[in-house]
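> structure for the following, please:
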Amino acid sequence: MDTSVISRRVADFLKKHPPFHAMDDGDLLALAARGRVRFHEANDFIIWQGEPHKQYVFVIQQGTVSLWDEADGHAALRDVRGAGDMLAIERFHPATAAPCCLHSARSESDVVIYAFPAEDFEALVLKYPYARHFVEAYDSVAADYQWVKDAVAPQSMFLNDLIGRRPRADCRADATIRELAQSMLSTGSDAIAVVDGEARIQGVVTSDALLAWVAAGGGGADQPIAGLIRESPPAVGSAATITDAVLAMAEAGADALAVTADGSSNGRLHRLVTPADIGRGFGDQPTAILRGIRLATTSAELGELNHRARALALQYLTSAPALDWLARFLSLADKQIVQRLIALTGDEPGPSCWCFCGASGRAESLTRHAPQLVLIVDDDGPPDVRDRFERVSDALVECDYLRRTDDAFERSFPRARRVANRTEWRTQYTEWLRDPVRSEMYLARPMFDLRPVHGREALWRDLEATVVGGVDRDLLQVLANDCLASLPPLTFFEDAVVEESGEHLTVFRLEHSALRPLVDVGRVFGMATGKVLGTSTRERLACARRLLPEHESVFREASDTFRILLWQQARIGIGQGTDGTELPPALLSRHDRHVLKSGFRSILRLVELTGNSAWFQTA
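Residues are numbered from 1 along each chain as shown. Down below sits the predicted model:
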């Protein structure tokens, strides 16, 4: 057969699989022309672990190949690969640049393989940024992989670029209301900074404050503006991004933001930024959504705003790093929705503290899963507190959150068990900590993710002190051993998930088999370092890095894996309108699967390290 025809057939096959689909036809044909076809019968070893790399990179054309780790004297299955997958590709990873094969590859069936010279592969394929990134993800956790290549990432957009050279809108404290209104009209601004002689901000006057003054029949327009001045807004530096601005305004509940020379509230004012300014960088406005939540008057309005918040997050979930600011934004949205529901229902049960637990308590709930509420009431709280808690919980569902129905925690801790006074909660936590086995502490793990969202925070801090004071080595050993009960899958093969047992599942249990082991390990190290309540999984893993610096790489890779998993759960869960706890592997691209497979190995290393009692000696 004409070699050009064979090359065309090879190129047509490669074009169906990443990263080759990103190549120009000319480069693809040139690569195909330099390749060779190899055939292996079942149980042939294609490459051996530890042998120097051959001069070829292999692409499986048909059949199944298994990868084995034989480093410690016994063979352990590490991966299963099929048509379109590559072998001996780890040589191109910049972090390892492994001179030898990392695993042995054995044919599980009759296998046809295309072999391409490594130098041609590097010259023709890896010159494409997408292809290089794809190849580097084969045996590593690539947390910065871009899912949507053409979207503008707001975490990379600077405020100064957004607001440009627009004149600073400000006035002195002795200005009149008439002068203020004229300044707003001339600058088109809905907020004016009040500054002193050195351009340091003293406060801010917004258009809402001016309208409220008019509505109240404030008097003559030649009065000084003193009565309209609100306290100084939050401040950021000139190098701040749009997302820095969004989160600073949201956390302060402010309608304006000062950009100052040094990022402090006492610095020299450069610009005053408003939600309208920030909205130019977004399709929807994050600050407008949060402001709408604070002003909503019905559960239906809050439900619409809940959808808008998730839709905006989906738009900007372009990569795993985007998760950092979007998780904070959605956590703020959930928090403010609960605060607004409490206000709308009039449910202020005396001195109390409303808390999130579980994923919401860790600020890791990005889908529409309903936040799990816990209420701590002072010892002299009113008797009808549970009825009030029920009304707020019911109102959350009216805001179009998804109910948690199949969760073991929900079954073990119905609403009635999540409301108690300070003394009762302290007694319960002490019981869990003293005898975790008999008290079935494993069912109450989300209660150790408690985060205050409304009310008297001192009640929460009282429980935090109880937890910190009740942790000892015996408890840590029990909890660390429990982490071994939930292990990640082995790999993906075709559209199935392969478990460590070899079982093939049609559904990827993302939360149960991948997120949960990381969350449980993070909670153990959070307890070991006194940083459990009110912290996220990644914060806890950062504490673990400081506690055990010799294992820094294990914790760092686990943290990157967690971010990738949460990102996948968010983008698929929000996009599909589900809670994202389970998903069909078909929704994951080939590149996603390779990144996740590397993540599974990171999870396994972390769990094995945690279950090893040696680290307790340094805790």
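
> how is this structure partitioned into domains?
Per automatic domain parsing, the domain ranges recorded for the chain read 3-136, 158-280, 324-470, 471-619.

> using TSV, lay out these together with mean pLDDT and mean neighbour count.
Bear in mind the C-beta positions are built from the backbone N, C-alpha and C, glycine included. Shown next, in TSV, are the domains of the chain (pLDDT from 0 to 100; neighbours: other Cβ atoms under 10 Å):
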stretch	mean pLDDT	mean neighbour count
domain 3-136	85	17
domain 158-280	84	17
domain 324-470	89	19
domain 471-619	89	19
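
> take the ones you listed and lay them out in CSV including distance to Thr318.
Shown next, in CSV, are those (distance: least, Cβ to Cβ, whole Å):
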stretch, distance to Thr318
domain 3-136, 14
domain 158-280, 12
domain 324-470, 10
domain 471-619, 9
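
> CA atoms of stretch 102-110 as CSV?
The C-alpha coordinates for stretch 102-110 follow below in CSV (Å, rounded to 0.1, in the frame of the first residue of the first chain):
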residue,chain,number,x,y,z
LEU,A,102,8.2,5.0,35.6
HIS,A,103,6.1,1.8,35.2
SER,A,104,6.1,-1.4,33.3
ALA,A,105,3.5,-1.6,30.5
ARG,A,106,1.9,-5.0,29.6
SER,A,107,-0.6,-5.8,26.9
GLU,A,108,-3.8,-7.2,28.3
SER,A,109,-5.1,-8.2,24.8
ASP,A,110,-3.8,-8.1,21.3
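
> gap between it and the chain center?
Distance, stretch centre to chain centre, for stretch 102-110: 35 Å (Cα atoms, centre = their mean, to the nearest Å).

> residues contacting it, please?
By Cβ atoms under 8 Å, 6 or more residues apart in numbering, the residues outside stretch 102-110 that reach it are 39-49, 62-70, 75, 78-81, 87-88, 90, 96, 139.

> mind checking which of the domains of the chain is nearest Thr298?
domain 324-470 (7.6 Å; Cβ to Cβ).

> the closest one spans what distance, first to last residue?
End-to-end distance for domain 324-470, by Cα to Cα, to the nearest Å: 32 Å.

> now stretch 365-385
Stretch 365-385: ends 26 Å apart by Cα to Cα.

> contacts only, for Leu332.
Leu247, Ala250, Glu251, Leu290.

> now render these as CSV, adding secondary structure.
Compiled in CSV, the contacts of Leu332 are given as follows (DSSP: H, G, I helix; E, B strand; the rest coil):
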residue, secondary structure
Leu247, helix
Ala250, helix
Glu251, helix
Leu290, helix
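
> tally of neighbours for Leu305?
A total of 25 residues lie near Leu305 under the criterion other Cβ atoms under 10 Å.

> that one against Asp334, yeah?
No: Leu305 is beyond contact range of Asp334, at 11.0 Å (criterion: Cβ atoms under 8 Å).

> show me where the stretch 1-150 of the chain has its helices.
3-15, 25-33, 118-124, 129-136 (DSSP state H, counting those that start in this stretch).

> these: which one's closest to Ser265?
Proximity to Ser265 (Cβ to Cβ) singles out helix 129-136 among the helices of the stretch 1-150 of the chain, at 41.2 Å.

> between that closest one and helix 25-33, how many degrees?
Here helix 129-136 runs at an angle of 40 degrees relative to helix 25-33 (axes from the mean of the first three to the mean of the last three Cα atoms, to 10 degrees).

> alpha carbons of helix 129-136, in CSV - could you do that?
The C-alpha trace of helix 129-136 is given here as CSV (Å, rounded to 0.1, in the frame of the first residue of the first chain):
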residue,chain,number,x,y,z
PRO,A,129,1.1,24.9,24.1
TYR,A,130,-2.1,22.9,24.5
ALA,A,131,-0.3,19.7,23.5
ARG,A,132,2.6,20.4,25.9
HIS,A,133,0.2,21.1,28.8
PHE,A,134,-1.8,17.9,27.9
VAL,A,135,1.3,15.7,27.9
GLU,A,136,2.6,17.2,31.2
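
> what's the separation between the most centrally placed residue in the chain and Leu515?
By Cα atoms, centre = their mean, the chain has its centre lying nearest to Leu323, at 4.1 Å. Using Cβ to Cβ, to the nearest Å, we find Leu323 at a distance of 13 Å from Leu515.

> what residues do these two have in common as contacts?
Common neighbours of Leu323 and Leu515 (Cβ under 8 Å, 6+ apart) are Leu566.

> excluding chain neighbours, what is closest to Asn266?
Distances taken as Cβ to Cβ, 6 or more residues apart in numbering put Arg200 closest to Asn266, at 6.0 Å, once the chain neighbours are dropped.

> list the contacts for the one you found?
By Cβ under 8 Å, 6+ apart, Arg200 lies in contact with Asn266, Gly267, Arg268, Leu269.

> switch the cut-off to 10 Å
Ala193, Ser232, Ala258, Thr260, Ala261, Ser264, Ser265, Asn266, Gly267, Arg268, Leu269 (Cβ atoms under 10 Å, 6 or more residues apart in numbering).
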